[in-house]
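**Student:** Got a predicted model here, sequence first, then my questions.
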Amino acid sequence: MNETNSKTIAILGGTGKEGKGLAYRWAKAGHKVLIGSRTPPKALNAAAELSQMLDSTSRIEGLDNPTAAMQADIVVLTVPYAAHRATLESLKDSLQGKLLIDVTVPLVPPKVRKVQMPPAGSATQEAREILGEGVEICAAFQNISHEHLLQDATVTCDVLVSGTSPEARAETIILVEAAGLTGWDAGPIENSVVIEGLTSVLIGINKKYGSTHAGIKITGVKKQSTV
Ligand SMILES: NC(=O)c1ccc[n+]([C@@H]2O[C@H](COP(=O)([O-])OP(=O)(O)OC[C@H]3O[C@@H](n4cnc5c(N)ncnc54)[C@H](OP(=O)(O)O)[C@@H]3O)[C@@H](O)[C@H]2O)c1
């Protein structure tokens, strides 16, 4: 990857299961990854753990969430829904002018197999309400189990991307492809209700059919990679 294509990506809550998997795949693709955490030593440990799995040219650092958000071109949010609002409110200023990729699923334990969307429509729309129009926001990766990410096997599940503009969706799809997955432009931010809601359906399918990583695949369309 050349300097022009390489991005600095902050993953807030990147010490967790989904965030670490995405960090691994983007660092491997040549992007600079900043793992964000509420606790810097935890972020440093996660960065060190991932660095050991990657070659010496990979760039991966651990920071507190606000510093990671400030230093990044693109910010990815991978925290439990219960922490979604507070995390975004505390980082509102540093996110202005950036692209936020929101991976959060608004699950309401214990009934995580039932779709229970927030009053804004979806977590991604809630992020829009909190952050305002100065931040481009996309929903993506909600339907990809972390089990697929922290390893090198080909992932056959697809990623639906909805968001505030075609440009933001295109930029997000480039990162989906950098992570080794196929991304689809799934339309405006209002459509994130379907993407986020689908996760409860997949959790239910996992439970009923004895899996841990059900996913979705778009069929009937030929798609060229954009990277
Ligand atoms: N796991 C999956 O397979 C998967 C798949 C698709 C989507 N998602 C969605 O992605 C998000 C993250 O999932 P995950 O499984 O990675 O979650 P997780 O491992 O439980 O948590 C991720 C990180 O969030 C931070 N966090 C936890 N509680 C917090 C709080 N009260 N305030 C601020 N930060 C907090 C923690 O980081 P620090 O302690 O370092 O701050 C934690 O390491 C969720 O919304 C989930 O629904 C997950």
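**Tutor:** Right, received. Where do you want to start? Residues are numbered from 1 along each chain as shown.
**Student:** can you count the residues close to the residue of the chain at minimum distance from the ligand?
**Tutor:** For the chain, the residue closest to the ligand is Gly16, as judged by CB to the nearest ligand atom, at 2.2 Å. Yep, even glycine has a C-beta here, placed from its N, CA and C like the rest. Around Gly16 there are 18 other residues, counting by other CB atoms under 10 Å.
**Student:** doesn't Gln71 make contact with Lys7?
**Tutor:** No: Lys7 lies out of contact with Gln71 (CB atoms under 8 Å); the separation is 11.6 Å.
**Student:** Show me what from the protein comes close to the ligand.
**Tutor:** The chain has residues 13, 15-19, 37-39, 42, 78-83, 87, 103-105, 107, 141-142, 144-146 near the ligand, with proximity defined as CB under 6 Å from any ligand atom.
**Student:** all helices of the chain, in order?
**Tutor:** Taking DSSP state H as the criterion, the chain carries its helices at 17-28, 40-53, 65-71, 84-95, 123-131, 166-178, 192-209.
**Student:** Please render the ones you listed as CSV that adds mean pLDDT to the earlier fields.
**Tutor:** Listed next are those as CSV, based on pLDDT from 0 to 100:
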stretch, mean pLDDT
helix 17-28, 98
helix 40-53, 98
helix 65-71, 98
helix 84-95, 97
helix 123-131, 98
helix 166-178, 98
helix 192-209, 98
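**Student:** which stretch among the ones you listed comes nearest Thr219?
**Tutor:** helix 192-209 (15.6 Å; CB to CB).
**Student:** Show me which residues of stretch 184-194 are buried.
**Tutor:** Neighbour counts over stretch 184-194 (16 or more other CB atoms under 10 Å) mark Trp184, Ala186, Gly187, Ile189, Asn191, Ser192, Val193, Val194 as buried.
**Student:** Quick one: end-to-end length of stretch 108-122, please.
**Tutor:** End-to-end span of stretch 108-122 (CA to CA, to the nearest Å): 13 Å.
**Student:** Show me which pair in the buried residues of stretch 184-194 is furthest apart.
**Tutor:** Farthest pair in the buried residues of stretch 184-194 (CB to CB) is Trp184 and Val193. Separation: 16.2 Å.
**Student:** Torsion angles phi and psi at Ser211?
**Tutor:** phi -120, psi 180 (degrees, to the nearest 10).
**Student:** Would you quantify the distance from the residue lying closest to it once chain neighbours are set aside to Ser122?
**Tutor:** The shortest distance from Ser211 to any non-neighbouring residue, by CB to CB, 6 or more residues apart in numbering, is to Ile205 (7.2 Å). Distance, Ile205 to Ser122, using CB to CB, to the nearest Å: 20 Å.
**Student:** Might you report the residue contacts of the most centrally placed residue in the chain?
**Tutor:** Centroid check for the chain by CA atoms, centre = their mean gives Val103 as the closest residue, at 3.9 Å. Applying CB atoms under 8 Å, 6 or more residues apart in numbering, we find Val103 in contact with Glu18, Gly19, Leu22, Val76, Leu77, Thr78, Ala139, Ala140, Phe141, Gln142.
**Student:** before we move on, the earlier item: looking at it, the residue of the chain closest to the ligand is touching Val79, isn't it?
**Tutor:** Yes: counting by CB under 8 Å, Gly16 touches Val79, with 7.3 Å between them.
**Student:** Run a quick neighbour tally on Asn206.
**Tutor:** Asn206 has 15 nearby residues by other CB under 10 Å.
**Student:** Looks like it contacts Gly215 (just checking).
**Tutor:** No: with contact defined as CB under 8 Å, Asn206 does not reach Gly215; the gap is 10.0 Å.
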